[in-house]
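[1] coords please:
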Amino acid sequence: MQNHPLLAFYGDDFTGSTDALEALALSGIPTVLFIEPPTSEDLARFGSSRAIGIAGDSRSRSPQWMSENLPCIFRRLKEMGAELCQYKVCSTFDSSPQIGSIGRALEIGAEVFGSEFVPVFPAAPRLKRYVVFGHLFASADGRVFRIDRHPSMSVHPVTPMKESDLQIHLGLQTRKKIELFDILMLESGEANLYLEKLLKEEVDIILFDGIREDSVERSVNLIWGMRHRAPFVVGSSGFTYGLGNYLRSKHGLEFGGINWDVRSVERLIVLAGSCSPVTERQIRWALSHDFFGIRITPCGNFRDVTAVSLKELRSGKSVVLYSALGPSDCGGENFGASFAAEMGILLRELLLQSGVKRVVIAGGDTASHAVRQLGITALTFRAPLEPGAPICEVHAQDAKLQGLELILKGGQIGKEDFFVSALLGRNHAERS
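    As a prediction, the model looks like this:
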């Protein structure tokens, strides 16, 4: 029996999509994440789901690509009849007018869903990403930086964040009128009146501040209450978690059915395409803890990499395949989407030949293009490992991949021993 979905969502990259999957599942909302827009038969197979997502890669795409591809995807999401649809973005909001334009995606979504206005909620306090008076801040190494001074995001190899004022940043990507719903309005006790006042000014986009979980809750209440006028929202996992908590209380949902005691596995494959210093430290930690490392490049011989990797895996070793060790080691344009897809083909071959049951892919763009090569139909939530990087269960037509445990990790996510924790399982992660 097909339940009426409460939420539909499209993730602008695959790591962000599994982040949303985790947020909803932890709120007790049965959720399925499809790799491609689902057919009616696909939906029927996951008929108990109350939230339905599509994992995308628009974060690495041009506005022209969005214009050609997002309308049909958004129409498919609209056909599902959910109460609200979220365009899931990263809480670092990294994007530009040329690549991953949040503004262009917002314009398309507003048109398809007929939104009177579009709420935008980028903050994710649980991930230490904050928006205050329209300016975005994010944590790194125990400190909070304005996003245009953040040690990683200000020098992102594709979409560096050079502006912390999100009204200005988003304004470079769309001509729609943007107004700020700041923290003082939110905490005034008259938030509904302020919102109505803004809407009388014929605003197209309302950007919400967010600094604590109570501000998330207040914003979610406002946005959910306006869903008939604004059925399309742009938001980070901060919004998704807040909405999940709200829906759980509203619908009396109860979490259950997950075994948190995730077992260790004998071997792990890590595919890392991130240039982040966080991922660099994780790779170096893994290499110093008995993982075998193999550097891969676009001009390298993937057949040799496959042979060496299989030899190590068959000897009982875990393997890290990586394309860079930090920002200073990051490659050029040859390390783009086509290279990530080739990495995915390599990974599929290793999985089919080695029988490895758990894999990590690090890097948002890498995950988005590599996962498509694995032949996966859908993902469901298995268990948490690190906030924003859950263990997911693979659903695939190939019996060798069915039940594979897949962890998609953004470049900035995780402690130094993340890959070791992924190998040893949840109990280790809790003790660390």
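[2] Would you mind confirming that Gln397 makes contact with Gly375?
    Yes. When contacts are counted by C-beta atoms under 8 Å, Gln397 is listed as touching Gly375 (6.8 Å). To be clear about C-beta, it is placed using only N, CA and C from the backbone, and glycine gets the same treatment.
[3] Between those two, which is the more surrounded one?
    Gly375 (17 against 9; other C-beta atoms under 10 Å).
[4] how close does the more buried one get to Leu352?
    Distance from Gly375 to Leu352, counting by C-beta to C-beta, to the nearest Å: 10 Å.
[5] So for these two, which residues contact both of them?
    Residues touching both Gly375 and Leu352 (C-beta atoms under 8 Å, 6 or more residues apart in numbering): 398, 401.
[6] Show me where the stretch 301-432 of the chain has its helices.
    Applying DSSP state H, counting those that start in this stretch to the stretch 301-432 of the chain gives helices spanning 302-314, 337-354, 364-370, 418-424, 426-431.
[7] Give the rounded mean pLDDT of the longest one.
    Per-residue confidence for helix 337-354 averages out to 92 on the pLDDT scale.
[8] quick one: buried residues of stretch 393-401?
    Neighbour counts over stretch 393-401 (16 or more other C-beta atoms under 10 Å) mark 394-396, 401 as buried.
[9] Which pair of those spans the longest distance?
    Spatial extent of the buried residues of stretch 393-401 (C-beta to C-beta) is set by the pair His395 and Leu401 at 9.0 Å.
[10] For these two, list the residues in contact with both.
    Ile376.
[11] What ranges in this protein fall below the confidence cut-off?
    Applying pLDDT under 70 to the chain flags residues 1-3, 252-261, 331-335, 426-432.
[12] switch to 50 and redo it
    Across the chain, residues meeting the criterion (pLDDT under 50) sit at 1, 257, 334, 428-432.
[13] circling back: right, and out of the buried residues of stretch 393-401, which lies closest to Thr306?
    Nearest to Thr306 among these, with distances taken as C-beta to C-beta, is Leu401, at 17.0 Å.
[14] what residues are up against the residue nearest to that closest one when sequence neighbours are not counted?
    The shortest distance from Leu401 to any non-neighbouring residue, by C-beta to C-beta, 6 or more residues apart in numbering, is to Val394 (5.7 Å). Residues in contact with Val394 (C-beta under 8 Å, 6+ apart) are 374, 376, 379, 401-406.
[15] which of the residues you listed count as buried?
    374, 376, 379, 401, 404-406.
[16] ok, so of those residues, who is nearest Tyr241?
    Leu379 (18.2 Å).
[17] Give me the distance between that closest one and Phe34.
    Counting by C-beta to C-beta, the gap from Leu379 to Phe34 is 8 Å.
[18] same check, this time on Asn301
    Asn301 is 34 Å from Phe34, by C-beta to C-beta.
[19] Between those two, which is the more surrounded one?
    Phe34 (21 against 10).
[20] got the contact list for that one?
    Taking C-beta under 8 Å, 6+ apart, one finds 42, 52-55, 377-378 in contact with Phe34.
[21] which of these has the most neighbours?
    Ala55 (29 neighbours).
[22] which SS class is the spatially closest residue to it that is not a sequence neighbour?
    Among residues not flanking Ala55 along the chain, Ser17 sits closest, at 3.8 Å (C-beta to C-beta, 6+ apart). On the three-state scheme (DSSP: H, G, I helix; E, B strand; the rest coil), Ser17 is labelled helix.
[23] Show the contacting residues for Ser17.
    Applying C-beta under 8 Å, 6+ apart to Ser17 gives the contacts 9, 11, 33, 53-56, 88, 408.
[24] Please tabulate those in JSON lines, including the columns secondary structure.
    Shown next, in JSON lines, are these (three-state DSSP):
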{"residue": "Phe9", "secondary structure": "strand"}
{"residue": "Gly11", "secondary structure": "strand"}
{"residue": "Leu33", "secondary structure": "strand"}
{"residue": "Gly53", "secondary structure": "strand"}
{"residue": "Ile54", "secondary structure": "strand"}
{"residue": "Ala55", "secondary structure": "strand"}
{"residue": "Gly56", "secondary structure": "coil"}
{"residue": "Lys88", "secondary structure": "strand"}
{"residue": "Leu408", "secondary structure": "strand"}
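[25] would you list those residues in TSV and tack on distance to Leu243?
    Conversion of the contacts of Ser17 to TSV gives the following (distance: C-beta to C-beta, whole Å):
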residue	distance to Leu243
Phe9	10
Gly11	15
Leu33	16
Gly53	13
Ile54	17
Ala55	18
Gly56	19
Lys88	11
Leu408	21
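[26] Among those, which one sits closest to Phe419?
    Leu408 (13.3 Å).
[27] Pull the number of nearby residues for that closest one.
    Around Leu408 there are 31 residues (other C-beta under 10 Å).
[28] thought it was touching Val371?
    Yes. Between Leu408 and Val371 a contact is recorded at 7.2 Å, counting by C-beta under 8 Å.
[29] Quickly list what's touching both of the two.
    Joint contacts of Leu408 and Val371 (C-beta under 8 Å, 6+ apart) are 14, 361.
[30] Mean neighbour count, the helices of the stretch 301-432 of the chain: which tops it?
    helix 364-370 (a mean of 28; mean count of other C-beta atoms under 10 Å).
[31] From the chain's centroid, how far away is it?
    11 Å (C-alpha atoms, centre = their mean, to the nearest Å).
[32] ok now do Ile35, which residues does it touch?
    Per C-beta under 8 Å, 6+ apart, neighbours of Ile35: 54-55, 371-372, 376-379.
[33] hey, where'd the strands end up in the stretch 151-300 of the chain?
    According to DSSP state E, counting those that start in this stretch, the stretch 151-300 of the chain carries its strands in the segments 178-181, 205-208, 232-235, 269-272, 291-295.
[34] buried sites along the fourth one?
    Read that as strand 269-272. Those would be 269-272, for strand 269-272 by 16+ other C-beta under 10 Å.
[35] Show residues contacting that strand.
    Residues contacting strand 269-272 (C-beta under 8 Å, 6+ apart): 279, 282-283, 286, 291, 309, 313, 318-324, 343-344, 346-347, 350-351, 354, 356, 358-363, 366, 370, 419, 422.
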